[in-house]
Each structure stands twice: as structure tokens, then as C-alpha cells.
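Q: Dropping a prediction and its sequence here:
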Amino acid sequence: MSELAEHFRTLGHHDARTYINSGNVIFSARSRSPHKLATAVEMGLSPLLGFTSDVFIRTAGEVEAVAAKALQLRSQLPESSEVNVAFLREPLSQAQSDDLALLRTSQDDFVHEGMQVYWLYWAGKWRASSPMPFWIVGCVSEPHFVGSTCFKALLPGCAGEV
């Protein structure tokens, strides 16, 4: 991951650092447009990485709010359950939100709020042996549903790093 931080420094983000081995990079930027910044980072990283990677930008305040929401939702679930968060480039349309509702089961529920989808899954579904503050569960690239997104679990402590 130190190589990833170095790539960000090459792009002019001199304070870039990675958070554990998660692919999350914490850095400062002058851009006030998260979408423009994400596009610039994607375009800049592509030749350095040798592949195109989707980038999801969140401010420190946004990460803190997402972590707080995830913890609030987590407090409503049985002890061995989990909450994962999908970062989106833009909020879901009503049709996409309706499609998301179709995925609900007795084990899974979804809460859409802004540019995040919180995936709640109950005990017995699947559990990590050692929780990490950011835990990549899987990436989705489905244009009809949410476009491109990454699900990550946000557990206590993650917001303190940004």
C-alpha cells in the first residue's frame, strides 16, 4: 500500500497515506468538487497502476457521518451481525432504490442515504474472524443497479484516522 500512497504523492497529494492494507488513501486536496477530484485521481492513477480503478471521494466529515450512521445501524442488530457501506458516485435514482429493495431478504436489508447504501446482514450469514475498520467485502460494477461501487464495513475507529 505504500506504493499506492506514493502514486498519490506523484499526483500532487504530498500528504497521502494509506489506511492499513485496504486501498483507502487519506490525503488533502484543493478541489471542492468530489466528482472532478475522483475523475482526476482515476485518470492519474490509471497509467501508474496499469489498470483503471474507480475512486470514491469522501471528506473527513463525510467519513465521520458514515461511520456514525453505520454504528447506529449496527447497534440495532444482533451481536454477530455486520453493516457494510457502499460508497456511490451519486445518489441512487428512485428506480435504482426500488431495485435495491428487491434484494432484501430475511438475512439482508439495505438502507439508502445520500451517496451511501448501508448493507445490514444478520448473524450466521457471514462473519470475519478478525474485524478491521475498513473491510472490503466486494466490488460491484452493474450499470443498471448502482454503476460502480465498493462495499466496505465501517467499524469503530475508522473515522479517527481521517
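A: Thanks, I have the structure now.
Q: Which residue ranges of the protein form strands?
A: Remark: strands assigned in the chain by DSSP state E are 17-19, 24-26, 82-87, 108-113, 116-121, 134-142, 147-154.
Q: Any stretches of this protein with poor pLDDT?
A: By pLDDT under 70, the weakly predicted segments of the chain are 123-162.
Q: And the helices in it?
A: For the chain, the helices defined by DSSP state H cover 2-10, 34-49, 60-74, 94-101.
Q: any idea how this structure splits into domains?
A: Domain assignment for the chain by automatic domain parsing gives 2-49, 60-161.
Q: Could I get those in a markdown table, plus columns for mean neighbour count?
A: The way it works is simple: take the backbone N, C-alpha and C, and place the C-beta from them, glycine included. Shown next, in a markdown table, are the domains of the chain (neighbours: other Cβ atoms under 10 Å):
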| stretch | mean neighbour count |
| --- | --- |
| domain 2-49 | 15 |
| domain 60-161 | 15 |
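Q: any idea which residue of this structure is furthest from its center?
A: residue 106 (24.0 Å; Cα atoms, centre = their mean).
Q: Give the bridge partners for the most centrally placed residue in the chain, please.
A: In the chain, the centroid-proximal residue (Cα atoms, centre = their mean) is residue 87; its distance is 4.1 Å. Going by DSSP bridges, residue 87 is paired in beta bridges with residue 116, residue 150.
Q: Hmm, residue 16 is touching residue 10, no?
A: No: under the criterion of Cβ atoms under 8 Å, residue 16 is not in contact with residue 10, lying 9.2 Å apart.
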